[in-house]
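[1] Turn this into a model:
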Amino acid sequence: MIREAVLAALEKFNRLKPPEKFLSTVDGYFFVDVVDGAPILKVRIGDYEFTQPFQLTTFTGETANFVAVDMSDDGWTLHGAELFDGESYLERGAIELGGQDFTIDGTAFESATDMFVRRKIFELYTSGALNLSLYSSGAGKNLDLLVNCGGEFDNFSKPAILEREFRFSLVWRQVEKILRLFVDGEKIYTIEGCGFGVRRTFDQTRLGAGILHADSFWRGTITSFKIYDGLALFC
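    Take a look at the predicted model:
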């Protein structure tokens, strides 16, 4: 029974992409954790840990080499008086993304009463033709992912975010040329070939900005925000 389970898990793992992350006897091995009394099969390869059924990937190495932007870093400028009070936002300079894996990851909270207009959680901006934003969608009380990067994607059909802190993870996989948005680990949107296959420079990085950069700023809390350049946190 255990042998069959291991072989089935290995077969599923070997169907994962990219091929260079397949199990090897040099830098990878199987091991088992017991969670709530049940054995959970895992595979570790280098700095990555795959949990059976291998839909969850955890980076176990030193992330400092990958983090391009961290909310706790120096270099942010506060515009306004009080952070995320609806009249203020954080800003820092240019960042390059694309041409390799990247992840934009953070946690946020906004009350239902504050979600009456579209407000930006984060924005990477160069021009109207090159920008990337995650919004609360106003009266719809959903998340709106806007991608202008060699084609436009704009969707806020789901999920509803009401009165709870949530984690957002926007993940680009270079080998697949696919951008995915995860909310609390659930895949929400998948966008193919949206222009990040080559390196892009975004002139401004903003947290809690307004839809027109002058009004309707974010009101709530953003407790963490990081951009990992060269690392996809989820496969």
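[2] can we go C-alpha only for contacts and neighbour counts from here?
    Fine.
[3] tell me the mean pLDDT over stretch 89-97?
    The average pLDDT for stretch 89-97 rounds to 92.
[4] Run the chain-centre distance for it.
    Its chain's C-alpha centre lies 16 Å from the corresponding centre of stretch 89-97 when counted by C-alpha atoms, centre = their mean, to the nearest Å.
[5] Identify each buried residue in stretch 129-142, please.
    For stretch 129-142, the neighbour count (16 or more other C-alpha atoms under 10 Å) marks 130-138, 140-142 as buried.
[6] same check, this time on stretch 143-159
    143-149, 156.
[7] Determine which two of these are furthest apart.
    Greatest spatial distance among the buried residues of stretch 143-159 (C-alpha to C-alpha): 143 and 149, at 19.0 Å.
[8] where in the chain is pLDDT low?
    The chain contains residues with pLDDT under 70 at 1-35, 37-39, 45-46, 52-57, 211-216, 234-235.
[9] At which residues are the helices of it located?
    2-13 (DSSP state H).
[10] just to revisit the earlier point, can you lay out the buried residues of stretch 143-159 as a markdown table showing distance to residue 166?
    Below are those laid out as a markdown table (distance: C-alpha to C-alpha, whole Å):
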| residue | distance to residue 166 |
| --- | --- |
| 143 | 11 |
| 144 | 14 |
| 145 | 15 |
| 146 | 18 |
| 147 | 21 |
| 148 | 24 |
| 149 | 26 |
| 156 | 16 |
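[11] if we can go back for a sec, among the buried residues of stretch 129-142, which are in strands?
    Those of the buried residues of stretch 129-142 mapping onto strands are 130-137, per DSSP state E.
[12] For the most centrally placed residue in the chain, list the residues it contacts.
    What sits nearest the mean C-alpha location of the chain, by C-alpha atoms, centre = their mean, is residue 169, with 2.1 Å. Contacts for residue 169 (C-alpha atoms under 8 Å, 6 or more residues apart in numbering) come out as 103-106, 181-183, 185.
[13] what about the spatially closest residue to it that is not a sequence neighbour, distance to residue 150?
    Leaving out its chain neighbours, the residue that sits closest to residue 169 by C-alpha to C-alpha, 6 or more residues apart in numbering is residue 105, at 4.4 Å. Remark: distance between residue 105 and residue 150 (C-alpha to C-alpha, to the nearest Å) = 23 Å.
[14] circling back: between the contacts of residue 169, which sits nearest residue 207?
    For the contacts of residue 169, the nearest to residue 207 is residue 106 (10.8 Å; C-alpha to C-alpha).
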